[in-house]
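Q: sharing a model that was predicted from the sequence below.
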Amino acid sequence: RDLRLMALDGFVLDLPDRPELVRLFGRPQGGRTPGAFPQARVLALCEVGTHVLWRHVIKPIRRGEVAMAATLLRHLHKNMLLLWDRNFLSYANVAAVLKQQAQVLARIKSTSVFKPLRRFADGSYLAKMYRATWYRNQDRDGIVVRVLEYKLTDPGRPGAGVKHRLLTTLLHPSQDPAKKLI
């Protein structure tokens, strides 16, 4: 459908061991002593086909990727489909993607609650995403999303036989069949 396929992902860079870099970025903490080198956390909005780091944010190592995401979501365009892993999935992030008129396809944590509103022949269903349980209980301010459930059948693949779920803002199974999105 001519959507530009983008992904949100992060990585950590080791930096030269200089006092000014330690002050700016910090060393990783854990164990008995601080890490050997200062480190920077990078979160990038990447074009999947070309692997181009289209936009990025660099922060101290103590900052988490999820907290950095909002800055990059403002750069999405109407013709983009954004992929991200389950830790990025939140009401605020989905709302930010939709505000930019972009679309999202994301993994869902197994603990996330989505009640089917309408089931489709391809096995997917419409549901609403809420900012918190209270909003769900009041059916207030929900974002309509589509949930796709599937199992990997290849016994050699990690997660085979376990139910996996994806969430997307692509709501029409005739335009975007579940099997194609999976």
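A: Here it is on my side, so go on.

Q: show me the beta-bridge partners of the residue nearest the centre of the chain.
A: The residue lying closest to the centre of the chain (C-alpha atoms, centre = their mean) is W84, at 2.8 Å. Using DSSP bridges, the bridge partners assigned to W84 are A106.

Q: residues contacting the longest strand seen in the chain, please?
A: Ordering each strand of the chain by length in residues (DSSP state E) puts strand 4-14 first. Applying C-beta atoms under 8 Å, 6 or more residues apart in numbering, the contact partners of strand 4-14 are 28, 37-49, 54, 61, 65, 68-69, 72, 76-77, 79-85, 88. Every residue, glycine included, has its C-beta placed from N, CA and C.

Q: partner strands of that strand, with direction?
A: strand 39-47 (antiparallel), strand 80-84 (parallel).

Q: give me the contact list for the last one.
A: It stands for strand 80-84. By C-beta under 8 Å, 6+ apart, the surrounding residues in contact with strand 80-84 are 3-9, 45, 48, 69, 73, 76, 93, 97, 100, 102-107, 170.

Q: just checking, next helix/strand downstream of that strand?
A: helix 91-99 (DSSP states H and E).

Q: what is that next one packed up against?
A: When contacts are defined as 3 or more C-beta pairs under 8 Å, 6 or more residues apart in numbering; DSSP states H and E, helix 91-99 packs onto helix 65-73, strand 103-107, strand 143-151.

Q: and for D2, the neighbour number?
A: By other C-beta atoms under 10 Å, the residues close to D2 number 4.

Q: hmm, I typed the wrong one, I wanted L117.
A: 14.

Q: so what's it closest to, chain neighbours aside?
A: L126 (4.6 Å; C-beta to C-beta, 6 or more residues apart in numbering).

Q: that neighbour contacts I143, doesn't it?
A: No. Between L126 and I143 there is no contact under C-beta atoms under 8 Å: 11.0 Å.

Q: for V97, what are its contacts?
A: L73, L76, L82, Q103, V104, T169.
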